[in-house]
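1. give me a 3D structure for the following:
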Amino acid sequence: MAVKKFTDSVIRSLKVDKEQDFIEADSKGFGVRVSPSGLKKFFYRYNLGTVRRFVNLGYYKNSDTTAGITLAEARKLYIEARNKVLTGGDPATEKLIEQAEKHRTPFVADLVTDYIADLRDKRKRKSWKEVERSLLRDFVPVYGKLKITDLNKRDCRALLDRIAGTGAAVMANRLQAYISGLLSYAADNDLIPINYMLRAKKAGGTESAKARNLSFDEVVTVWRAWDKIKVGSVYKIAWKLLLLTGLRPSEVCGIHRNEIDGDWWTIPAKRMKSGLDHMVYLSPLAKQLLSSPWCQGHDYLLHQVRNHDKPISKDVLANRLADSIGLLNVEKFTPHDLRRTMSSRVAEMGVHQDMIDRLQGRVVGQRGAGWRYNRYEYADEKKKRGVVG
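-> This next block holds a predicted model:
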């Protein structure tokens, strides 16, 4: 049964089929295609003689994506396409010709749009939204109206040097990486001969290793402040576990009930950067944190507020910490700085670096052959020298 009329609420309520595209259209051919990933795309469906034709109008713009068109914009494009059909035209063929011409020598702005769509649809990068945000903010306004074949290394370097010159060295390096990805996409599609930014020197220079770590006094300050500020319990527990264990944020966020056995938490190899199982001793204080009512009754102990079947993400954890920094009375720090803090403070207490590496899940002695054979877990040593608290 065809939809009588599309509204934003109707579009948002369309079901997602995990196996194939789901299509819903009104009686005049205006419709929405929902992909298994949940992305929604407007289309116009019409008959040309005995042949069924489709014209893609654009992605639906909602809270899940910054790119796309609104329902009103899609309806306007649909009306234009339908009028062409009513007067003997074939908008699907016209669009194919237009796209072929555009792809021969596309403008930079159009190529960025295609590149972002490719990243998003194929999930080639988890951070496609940040790539889109950076290119649209800093790159497209400057060179968007140039043909990709007219853009050169000197142009890219001038923009990047200007950004780096303002003191935003890291931003310049990130943008350079995103531009290089765009140019690799162009080269792969035979739009330019090579990616001339592939091995270019970093505009912002080599980034120095971060050194922020909290002193013992700062640890006491933030620990007490976390108990008082109005932030979800799940985030407070995660931050404290980061301090106690010195693990990576992603490893703490994904803690699963099946990984806990008494005083030990064994993180499976697939979740460890080292590619090896990692045993973590849970001190009484760590176990007390995990006995919180929030951690009970669900597989993921640190689960999302609105979806208990999924763990919290490290990005959300970082955002919540950034939002609360002003309430902690200390200089800004990130979740990964808590890992560095644990390492630094435990070293200050006299623990050898080799043991700290084992506590934090790094592969020790990887340069030699010994690490392949030494599978001793150092459980007693970890219990004695490990988790603070």
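2. what residues of the longest helix along the chain count as buried?
-> Longest helix of the chain, by residue count under DSSP state H: helix 169-188. Residues of helix 169-188 classed as buried by neighbour count (16 or more other CB atoms under 10 Å): 169, 171-176, 178-186. Where C-beta positions appear, they are placed from N, C-alpha and C, glycine not excepted.
3. repeat for stretch 29-39
-> 29-34, 39.
4. got it, and stretch 86-96?
-> 90-92.
5. what does it rub up against?
-> Applying CB atoms under 8 Å, 6 or more residues apart in numbering, the contact partners of stretch 86-96 are 44, 48, 53-56, 80-81, 84-85.
6. repeat that with 6 Å
-> If you take CB atoms under 6 Å, 6 or more residues apart in numbering as the criterion, stretch 86-96 is touched by 48, 53, 55, 81, 84.
7. could you measure from the first one over to V55?
-> Read it as L48. Distance, L48 to V55, using CB to CB, to the nearest Å: 11 Å.
8. same thing with the last one?
-> K84 is 9 Å from V55, where distance means CB to CB.
9. which of these two has more neighbours?
-> V55 (23 against 17; other CB atoms under 10 Å).
10. and the helix or strand hosting that one, what's buried?
-> Secondary structure assignment for V55, by DSSP states H and E: strand 51-59. By 16+ other CB under 10 Å, the buried positions in strand 51-59 come out as 53-55, 57, 59.
11. quick one: low-confidence parts of the stretch 151-300 of the chain?
-> 207-210 (pLDDT under 70).
12. could I get the full set of helices for it?
-> 153-165, 169-188, 216-228, 233-245, 249-253, 284-290 (DSSP state H, counting those that start in this stretch).
13. what comes up buried for the fifth one?
-> What that stands for is helix 249-253. 249-253.
14. from the buried residues of strand 51-59, which is closest to F6?
-> L57 (11.9 Å; CB to CB).
15. list the contacts for the closest one?
-> With the criterion set at CB under 6 Å, 6+ apart, L57 makes contact with 42-43, 74, 77.
16. of all the residues you listed, which two lie farthest apart?
-> F43 and L77 (10.1 Å).
17. so the closest residue to L159 other than its chain neighbours: helix, strand or coil?
-> Residue nearest to L159 in three dimensions, not counting chain neighbours: V142, with 5.7 Å by CB to CB, 6 or more residues apart in numbering. Here V142 is helix, with the state taken from DSSP: H, G, I helix; E, B strand; the rest coil.
18. tally of neighbours for D263?
-> D263: 14 neighbours (other CB under 10 Å).
19. show me what contacts it?
-> So D263 contacts L282 (CB under 6 Å, 6+ apart).
20. what does the pLDDT read for G389?
-> Per-residue pLDDT puts G389 at 40.
21. do Q366 as well
-> For Q366, the predicted pLDDT is 48.
22. again with S324
-> At S324, pLDDT is 88.
23. would you agree it is in contact with G232?
-> No. In this structure S324 lies outside contact range of G232 using CB atoms under 6 Å: 10.4 Å.
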